[in-house]
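Participant: Whatever this is, show me its structure:
(2 chains)
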Number of protein chains: 2
Amino acid sequence: MKACVLFSGGKDSSLSAILLEEFFDVELVTCTFGLLPIGNTASNIAHALDFPHRCLLLDSEIIENACNMMIRDGFANNAINFIHREALETLALQKKEFDIFLIADGVRRDDRVPHMEKNEIQSFEDRHNVCYVSPLMGFGRKAINEMIRTHLVIEEDESRTLQKCDYEEELKEALVRKIGLKQADQLFPKSHKQSRVTARI
Amino acid sequence: MKACVLFSGGKDSSLSAILLEEFFDVELVTCTFGLLPIGNTASNIAHALDFPHRCLLLDSEIIENACNMMIRDGFANNAINFIHREALETLALQKKEFDIFLIADGVRRDDRVPHMEKNEIQSFEDRHNVCYVSPLMGFGRKAINEMIRTHLVIEEDESRTLQKCDYEEELKEALVRKIGLKQADQLFPKSHKQSRVTARI
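Facilitator: Residues are numbered from 1 along each chain as shown, chains lettered A, B, ... in the order given. Okay, the predicted model is just below:
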């Protein structure tokens, strides 16, 4: 059965895909608004992990709304949650075309966003007749770190910016275009150590 | 790294073990109060699944307290939750002796009991310096059924009673001994279709 994993090129979505591959035909799907070449970057990482990969272009109205949310809120949580829900909805509309049985993401037990409440999950699964799964939801940070250590090669680099392929990256770009670099920067916490998945062990 | 999976011989704990085996050295651990031969039954199933297995004898005070809870409440939820916590605590005390890195259970997203709140998980992990993991927490019923279908052989039998190896089975036995079969029966919902894991696919 086909499982589409929302893929940001990061450790969590990579690990989620590895957890599922024993049970499902995994396809990695990277959502993009086309503002940055994150599709290409994600595609390269997916190739290194030996998973099939495709990009899913999301409606520009979504990023526009997310920008407005962020400007209103002064922080990213609601905007990220909003984009995640819209990404899930957009992917679920492809259920028939791509014969999708299951949609997964890389959300972990300790993540505050994105987060789906139980009733939202129920509604999503019922409306689309599709399974929604977060393979890492039952795992804490220390267990996940150990699983990453034994299964993924991670490149860490503080000296240069590694392109990430998550919602935040394009949300930041959209905000820069909308309100300028200085103001956009103030809405995001300073980014911590950069890391990127480069291969499997 | 060693991962001990609380093993009831059922589908969920079996599937949890299979999910973890790619990442950890899995050992199945069946908790028992010694009231019923569930240790032997669980051991046979574990053997069929090709996992190492051992039994963990829990203190009789735990089942005594659980019985009193059930008589007080009139239903099993709190008692089951209580036994589950005590089982986790007892197993965590063996961390050094058995070199345990991670303790897992078969709890799913849709399970009402047993259930650990986030602050309880945090406290448990911090106090014992051990990882607590519920590999199925991010999975719904339909996804789990599909994973079971492709990985486990299940024997279903409505005509006879298949010995289960979960807390409920010994809790029922303890209650029968304490207040008699008729009264004990009233405290448990009528059991549904019996099933047992017999092999891997």
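Participant: Spatially nearest residue to A:A199 (excluding sequence neighbours)?
Facilitator: Closest residue to A:A199 apart from its sequence neighbours, by C-beta to C-beta, 6 or more residues apart in numbering or on different chains: A:V153 at 4.1 Å. Heads up, the C-betas are built off the backbone N, CA and C, glycines and all.
Participant: and A:I100, how many neighbours?
Facilitator: Using other C-beta atoms under 10 Å in any protein chain shown, A:I100 has 21 neighbouring residues.
Participant: I'd like to know the beta-bridge partner residues of it.
Facilitator: On the basis of DSSP bridges, A:I100 is bridged to A:K2.
Participant: which residues touch the helix or strand the residue nearest to A:A199 falls within?
Facilitator: Element membership for A:V153 (DSSP states H and E) is strand A:152-157. Here strand A:152-157 makes contact (C-beta atoms under 8 Å, 6 or more residues apart in numbering or on different chains) with A:11, A:14-15, A:148, A:162, A:193-201.
Participant: distance of A:I62 from A:S8?
Facilitator: Distance of A:I62 to A:S8, computed by C-beta to C-beta, to the nearest Å: 16 Å.
Participant: and the two? which has more neighbours close in?
Facilitator: Using other C-beta under 10 Å, the more surrounded residue of A:I62 and A:S8 is A:S8, with 25 against 20.
Participant: Verify the contact between the more buried one and A:R196 for me.
Facilitator: No. Using C-beta atoms under 8 Å, A:S8 is not in contact with A:R196, being 10.7 Å away.
Participant: Could you tell me which residues touch both of those two?
Facilitator: With C-beta under 8 Å, 6+ apart, A:S8 and A:R196 have common neighbours A:K164.
Participant: Let me see the contact set for the spatially closest residue to A:Q163 that is not a sequence neighbour.
Facilitator: Closest residue in space to A:Q163, ignoring its immediate chain neighbours: A:T41 at 5.0 Å, by C-beta to C-beta, 6+ apart. Neighbour list for A:T41: A:G9, A:Q163, A:C165 [criterion: C-beta under 8 Å, 6+ apart].
Participant: Confirm that A:T41 sits in a helix.
Facilitator: Yes. Secondary structure assignment places A:T41 in a helix (DSSP: H, G, I helix; E, B strand; the rest coil).
Participant: what residue ranges in chain A score low on pLDDT?
Facilitator: A:158-161, A:191-193 (pLDDT under 70).
Participant: Do you have the strands of it handy? List them.
Facilitator: With DSSP state E, the ranges of strands along chain A come out as A:2-6, A:25-32, A:53-57, A:100-104, A:131-133, A:152-157, A:194-200.
Participant: Serialize those strands to JSON lines and add fields for distance to B:E86.
Facilitator: JSON lines is the format used below for the strands of chain A (distance: least, C-beta to C-beta, whole Å):
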{"stretch": "strand A:2-6", "distance to B:E86": "37"}
{"stretch": "strand A:25-32", "distance to B:E86": "38"}
{"stretch": "strand A:53-57", "distance to B:E86": "46"}
{"stretch": "strand A:100-104", "distance to B:E86": "34"}
{"stretch": "strand A:131-133", "distance to B:E86": "30"}
{"stretch": "strand A:152-157", "distance to B:E86": "36"}
{"stretch": "strand A:194-200", "distance to B:E86": "39"}
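Participant: between the ones you listed, which gets nearest to B:C55?
Facilitator: Within those, the stretch nearest B:C55 is strand A:131-133; the backing value is 32.2 Å (C-beta to C-beta).
Participant: what's the top helix by length along chain A packed up against?
Facilitator: Taking DSSP state H as the criterion, chain A has its longest helix at helix A:77-92. Helix A:77-92 sits against strand A:2-6, strand A:25-32, strand A:53-57, helix A:60-73, strand A:100-104, helix A:118-128, helix A:167-179, with contacts defined as 3 or more C-beta pairs under 8 Å, 6 or more residues apart in numbering or on different chains; DSSP states H and E.
Participant: partners of the second one in the sheet?
Facilitator: Paired with strand A:25-32 in the same sheet, following DSSP bridges, are strand A:2-6 (parallel), strand A:53-57 (parallel).
Participant: In the strand holding A:V153, which residues are buried?
Facilitator: For strand A:152-157, the neighbour count (16 or more other C-beta atoms under 10 Å in any protein chain shown) marks A:L152 as buried.
Participant: Show me which residues of chain A sit near chain B.
Facilitator: A:1, A:18-19, A:22-24, A:101-102, A:107, A:109, A:118, A:121, A:125, A:131-140, A:142-143, A:146-147, A:150-151 (C-beta under 8 Å from any C-beta of the partner chain).
Participant: So for stretch A:112-131, what gets flagged as buried?
Facilitator: Neighbour-count burial for stretch A:112-131, counted by 16+ other C-beta under 10 Å, picks out A:V113, A:P114, A:M116, A:I121, A:F124, A:E125, A:H128, A:V130, A:C131.
Participant: quick one: which of those is nearest chain B?
Facilitator: A:C131 (4.1 Å; C-beta to the nearest C-beta).
Participant: quick one: contacts for the closest one?
Facilitator: A:F101, A:L102, A:I103, A:E125, B:G140, B:K142, B:A143, B:E146.
Participant: same check, this time on A:N77
Facilitator: Applying C-beta under 8 Å, 6+ apart, the residues near A:N77 are A:R112, A:V113.
Participant: Could you do A:N129 as well?
Facilitator: A:N129 is in contact with A:K95, counting by C-beta under 8 Å, 6+ apart.
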